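In: sequence and predicted structure are below.
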Amino acid sequence: MSVHGKAIAATIIVIFAINYAKSECAEAKPCLCVRPDGMGLSLAALAGIGPLKNDNGSVVFQPCKNANLTFPHSVAPQPPDPSNDCHNTSLCWLNNDNNTINLGTIEETHWHWSEKNPELIISHGSRESHIELICANRGDGPILIGPNSANNLLKFQLSSDKLCITDMRPKALSTGSVLVILFFVFTGLYFIGGAAILIYCRGAVGRETIPNYEFWADLPALVRDGVTFTLSGCSAVSYERI
């Protein structure tokens, strides 16, 4: 293979590796997927809303946990079929025959990052449900669309402004936070360390253990004089009066 061919092959491998890293979860939970590059998606904000339904109420989806999913006008099949039980599950479908069909639990759910949007894939029995998660800037709440079915494959779309991919890496401390931490650290070292030196090296007791006690005792008066001087227009007369 020529040098040019090797360079092309190496480029293809790198691109494939990057795309693969973006398609897998380095950290995966029923409610969370974080890619190796730190970008990820959490469904926690939708979990607290409660079961989500499509427009005609034929699909109920509970993100992040299993729940007892019910349909107010459904009729259970006779005799009861355990595969149609929508209790303690995550996704349930009321089909055209008015039968409730369990489409899967949280334990049967895994993440998949497609080229367009991340998906939740729920496999239950012979059926597989794909829920495409779409970031949509809308203020009217999440919208669930589907199913579009082909044989035992059911496809859904869930759109919400809470489904946007974000940087999930821990945020660094701001400059202000660092300064506040340093202030308290050095203040503690000043008073505690100074008191220890005064006690063990000079035998100080009582208020004498406070470093530079005279300065701190006079500080309130100095602050008062400074405020008075400032409010008086910083004039020489006011300074002499102080």
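Out: Received it, and whenever you're ready, just let me know what you need. Numbers count the residues shown, from 1 in each chain.
In: from now on I want contacts and neighbour counts done on CA atoms only, so please keep to that.
Out: Noted.
In: center of the protein - which residue?
Out: Most central residue of the chain, judged by C-alpha distance to the mean C-alpha position with Cα atoms, centre = their mean, is Ser42 at 5.7 Å.
In: once you drop chain neighbours, what's closest to that one?
Out: In space, not counting the residues next to it along the chain, Ser42 is nearest to Leu32; the distance is 4.5 Å by Cα to Cα, 6 or more residues apart in numbering.
In: and the one you found, how close does it get to Tyr213?
Out: When distances are taken as Cα to Cα, to the nearest Å, Leu32 and Tyr213 turn out to be 55 Å apart.
In: higher neighbour count, those two?
Out: Shown here are Leu32 and Tyr213; by other Cα atoms under 10 Å, Leu32 has more neighbours (16 against 12).
In: any idea what that one is bridged to?
Out: On the basis of DSSP bridges, Leu32 is bridged to Lys29, Ser42.
In: what residues does it make contact with?
Out: Remark: with contacts taken as Cα atoms under 8 Å, 6 or more residues apart in numbering, Leu32 is in contact with Gly40, Leu41, Ser42, Leu43, Ala44.
In: the first one: neighbour count?
Out: Each residue near Gly40 was counted by other Cα under 10 Å, and the total is 23.
In: that one belongs to a strand?
Out: Yes - judged by DSSP: H, G, I helix; E, B strand; the rest coil, Gly40 forms part of a strand.
In: for the residue nearest to Ser42, report the pLDDT, please.
Out: What the model reports as pLDDT for Leu32 is 89.
In: hey, where'd the strands end up in this protein?
Out: Read by DSSP state E, the chain holds these strands, from start to end of the chain: 27-29, 32-34, 39-42, 52-53, 59-61, 91-94, 100-104, 109-113, 118-124, 127-135, 143-150, 153-160, 166-167.
In: out of these, nearest to Ser177?
Out: Closest approach to Ser177 among the strands of the chain (Cα to Cα): strand 166-167, 20.7 Å.
In: quick one on the thing from earlier: for the residue nearest to the centre of the chain, give its distance to Lys171.
Out: With distances defined as Cα to Cα, the gap from Ser42 to Lys171 amounts to 16 Å.
In: kindly report the same for Glu24.
Out: Distance of Glu24 to Lys171, computed by Cα to Cα: 22 Å.
In: more crowded one of these two?
Out: Looking at Glu24 and Lys171 with other Cα under 10 Å, you find the greater number of neighbours at Glu24, namely 18 against 7.
In: number of nearby residues for the closest residue to that one other than its chain neighbours?
Out: If you skip the residues right next to it in sequence, Glu24 has Arg35 as its closest partner in space, 6.0 Å away by Cα to Cα, 6+ apart. Other residues near Arg35 come to 20 when the count uses other Cα under 10 Å.
In: surely Arg35 and Ser42 touch.
Out: No - in this structure Arg35 lies outside contact range of Ser42 using Cα atoms under 8 Å: 11.7 Å.
In: export the strands of the chain to TSV and append columns for distance to Asp85.
Out: As requested, the strands of the chain are arranged in TSV below (distance: least, Cα to Cα, whole Å):
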stretch	distance to Asp85
strand 27-29	24
strand 32-34	26
strand 39-42	28
strand 52-53	18
strand 59-61	13
strand 91-94	9
strand 100-104	6
strand 109-113	17
strand 118-124	12
strand 127-135	15
strand 143-150	19
strand 153-160	18
strand 166-167	36
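In: and these, which one's lowest on average pLDDT?
Out: Per-segment mean pLDDT for the strands of the chain reaches its minimum on strand 27-29, at a mean of 79.
In: contacts made by it with the rest, please.
Out: Counting contacts by Cα under 8 Å, 6+ apart, the residues outside strand 27-29 that touch it are Cys33, Val34, Arg35, Trp111.
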